[in-house]
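Engineer: I'll drop the sequence and a predicted model, then ask my questions.
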Amino acid sequence: MSPEPKKDSREYNPDIGVASDAPSHKAPMLWMGLVMLTLVVLTFFSMWGREKISIRASPIIPELSALAQTGRDIINTQCMACHGVDGTGFSKKDPPLLHPMYREEIFPDFHFKRVLREGRPQKNWRFGPMPSQPQLSDADMNGIIAFVREVHTATGVE
Ligand code: HEC
């Protein structure tokens, strides 16, 4: 007596000539769905907590002038806690000094120096106020400004 034909759908199906578990046209759709879901999830997480203004490009640190190097050293000691290494401020708690909004034409040297001398209340970011930096000499400030300008130029932010 021949055995009962199995109802298992995975068995070879002589009617259609292929194993019924052969890849069907549904498989690519499933993969596309998964890829799209992953993209949506990644987009969501990358936008989560994003600052209202973000830095446009990763800064390129060029071969620095001696003056800009002094500024870089000052930034990486006295300003780093709030503005990040090299003033890049990439974390969610520090405003980036290398942001395009501090480029020369909209943030000229005299304005830069006034902020350093007098500080300023919170305005462009949500990190609280910028405290005044009375310890900085004029030469220190020139160094800081030179660093920011040289990085802007190298990065193409002008
Ligand atoms: C205690 C934290 C803190 C320290 C230390 C600090 N800053 Fe700031 N700074 C801030 C914050 C916060 C802002 C953003 C204020 C705002 O919302 O516009 C800021 C803004 C600035 C701005 C932009 C101001 C403007 O008008 O938009 C400059 C330039 C700046 N800081 C330079 C420096 C330099 C250079 C140093 C080191 C000598 C320094 N800061 C040290 C917190 C700090």
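Structural biologist: On my side now, so go ahead.

Engineer: C-alpha only now, for contacts and for neighbours.
Structural biologist: OK.

Engineer: Residues touching the helix or strand encompassing L37, excluding its own?
Structural biologist: In this structure, L37 sits in helix 26-47 according to DSSP states H and E. The contact list for helix 26-47, computed with C-alpha atoms under 8 Å, 6 or more residues apart in numbering, is empty.

Engineer: Please export the C-alpha coordinates of the next helix or strand after it as PDB.
Structural biologist: Sequence-wise, the next helix or strand downstream of helix 26-47 (DSSP H and E) is helix 66-74. What follows is helix 66-74 as a C-alpha-only set of coordinates in PDB (Å, rounded to 0.1, in the frame of the first residue of the first chain):
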ATOM      1  CA  ALA A  66      52.600  79.600  13.900                       C
ATOM      2  CA  LEU A  67      49.900  82.000  15.100                       C
ATOM      3  CA  ALA A  68      47.000  79.600  14.400                       C
ATOM      4  CA  GLN A  69      49.000  76.800  16.200                       C
ATOM      5  CA  THR A  70      49.000  78.900  19.400                       C
ATOM      6  CA  GLY A  71      45.300  79.400  19.000                       C
ATOM      7  CA  ARG A  72      44.700  75.700  18.500                       C
ATOM      8  CA  ASP A  73      46.700  75.000  21.700                       C
ATOM      9  CA  ILE A  74      44.600  77.500  23.600                       C
END
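
Engineer: Show me what helix 66-74 is packed against.
Structural biologist: If you count contacts as 3 or more C-alpha pairs under 8 Å, 6 or more residues apart in numbering; DSSP states H and E, helix 66-74 packs onto helix 138-155.
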